[in-house]
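*Asks:* Predicted model, plus sequence, below.
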Amino acid sequence: MSELRQDLVSGDWIVVASERAKRPHDFLPKKRHRRATPKKECPFEDLEASGNWPPIISYPDDTNPDARMGRGSDRKRGSWQIAVIPNKYPAVTHAPRCAVLGARGPYRLTQGVGHHDLVLTRDHRKNLAHLTPAQAIRLFEVIQKRYQALGRDACLHYTSMFFNWGASAGASLFHPHYQLLTLPIIPPDVAHSLQGSHKYFRQHRRCVHCDILGYERKEGSRIIEENAGAIAIAPFVSREAFEVRVYPKRHRPYFEATPLADLRAVVTLLASCLRRIERHLNDPDLNFFIHTAPIKNQNQHRHYHWHIEIVPKISIPAGFELSTGVLINVIDPDKAASILRGAKK
């Protein structure tokens, strides 16, 4: 029989209907052969030729993120290892004034003020799963530093970092790139998570995510992998098949304030889980993103616990999901964790 489960944080309901996929492997996408865009057609191979030079900031391949190349650098322009550039087709744009909340008839609206950056890695083919450990850590150090810089903009409330892999996940270019988008509002999904986290803290004086992780470590069946500083689980309330969440074990509200040791632990597990998903689920299209506390009023959000969510594009929401907002997951999270644990790293 199927089972309805309620998310402890957001309050959302899902349906776990594993009998709809009697054999989980039959539900997986067919093995795909990704076709990379030729390098000569990629706008990220030659940033100057594509009009993307100079970048906001770039990092040479032989130094750490503190030894950066800024705008107007005299270094050889092809020597960068990581570059941060503005999105040529931004969802929001920077403005000298903050967005002002207004109205149009009964509707509320505000200007699309913000930043929309792309963080590029040099290799045309290698996404995070295939970077070396040092490259992966360096990438997230750069993302963290960019979070810190964007957080100094007094007009903005939230920074979203996300990665799209494959056309069905929203990737319009093959070359791996990681997006940072800041908003003058707190997005609804984040707001619900914050509200649920705060409510739980008021009732129990504990972090809801820490309690979830404590239970999962004791129960064990949904843990995919862990190390000294981080843990990866298939959530009990997984909205999508093979959804994965990676948490720092220590309570950390803010991604951008996380010490390097904890960041390294999280990134190590993130890359490992991406490899597990690629190898065992036939390299599905996927998204991953960071959920962290908002920029403003930081003392009000110490109850939160940042994490990274990986969402493979295994199924497509249909009429029931669209009409109710209740998602159907046909792979039991216990089974998903078991499958991913058995996959090679």
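*Replies:* Yes, it's here.
*Asks:* Give the burial count for the residue lying closest to residue 50 once chain neighbours are set aside, as a bare number.
*Replies:* Distances taken as Cβ to Cβ, 6 or more residues apart in numbering put residue 43 closest to residue 50, at 3.8 Å, once the chain neighbours are dropped. Where you see a C-beta, it was placed from the backbone N, CA and C, and this is true even at glycine. Neighbour count for residue 43, taken as other Cβ atoms under 10 Å: 16.
*Asks:* now do residue 299
*Replies:* The burial count for residue 299: 6, using other Cβ under 10 Å.
*Asks:* ok so, going back, correct me if wrong, but the residue nearest to residue 50 is in a strand.
*Replies:* No. Looking at residue 43 with DSSP: H, G, I helix; E, B strand; the rest coil, it is coil, so not inside a strand.
*Asks:* Show me what the mean pLDDT comes to for stretch 40-48.
*Replies:* On average, the pLDDT along stretch 40-48 is 92.
*Asks:* er, stretch 216-223 actually
*Replies:* 97.
*Asks:* Kindly format the C-alpha coordinates of that stretch as PDB.
*Replies:* Below are the C-alpha coordinates for stretch 216-223, written out as PDB (Å, rounded to 0.1, in the frame of the first residue of the first chain):
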ATOM      1  CA  GLU A 216      18.600   9.000  10.600                       C
ATOM      2  CA  ARG A 217      22.000   8.000  12.000                       C
ATOM      3  CA  LYS A 218      20.300   5.900  14.700                       C
ATOM      4  CA  GLU A 219      17.900   4.300  12.200                       C
ATOM      5  CA  GLY A 220      20.500   3.900   9.500                       C
ATOM      6  CA  SER A 221      18.500   2.700   6.500                       C
ATOM      7  CA  ARG A 222      18.500   6.000   4.600                       C
ATOM      8  CA  ILE A 223      22.100   7.000   5.100                       C
END
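*Asks:* where does it sit relative to the chain's centre, distance-wise?
*Replies:* Put simply, stretch 216-223 sits 23 Å off its chain's centre (Cα atoms, centre = their mean, to the nearest Å).
*Asks:* likewise stretch 234-254?
*Replies:* Worked out by Cα atoms, centre = their mean, stretch 234-254 lies 11 Å from the chain centre.
*Asks:* Return the residues in contact with residue 124.
*Replies:* By Cβ atoms under 8 Å, 6 or more residues apart in numbering, the contact list for residue 124 reads 36, 39, 42, 44, 45, 174, 175.
*Asks:* Go again with 6 Å.
*Replies:* 39, 175 (Cβ atoms under 6 Å, 6 or more residues apart in numbering).
*Asks:* Also the one 3 residues further on?
*Replies:* Each residue near residue 127 by Cβ under 6 Å, 6+ apart is listed here: residue 176.
*Asks:* where's it relative to residue 324, distance?
*Replies:* According to Cβ to Cβ, to the nearest Å, residue 127 and residue 324 sit 34 Å apart.
*Asks:* cool, residue 162 as well?
*Replies:* Taking Cβ to Cβ, one finds residue 162 at 25 Å from residue 324.
*Asks:* So which of these two has more stuff around it?
*Replies:* Using other Cβ under 10 Å as the criterion, residue 162 and residue 324 rank with residue 162 on top: 15 against 11.
*Asks:* Could you look up the SS state of the residue nearest to that one when sequence neighbours are not counted?
*Replies:* Computed as Cβ to Cβ, 6+ apart, the closest residue to residue 162 that is not its neighbour in sequence is residue 289, at 3.9 Å. At residue 289 the chain is in strand, as set by three-state DSSP.
*Asks:* Noted, bye for now.
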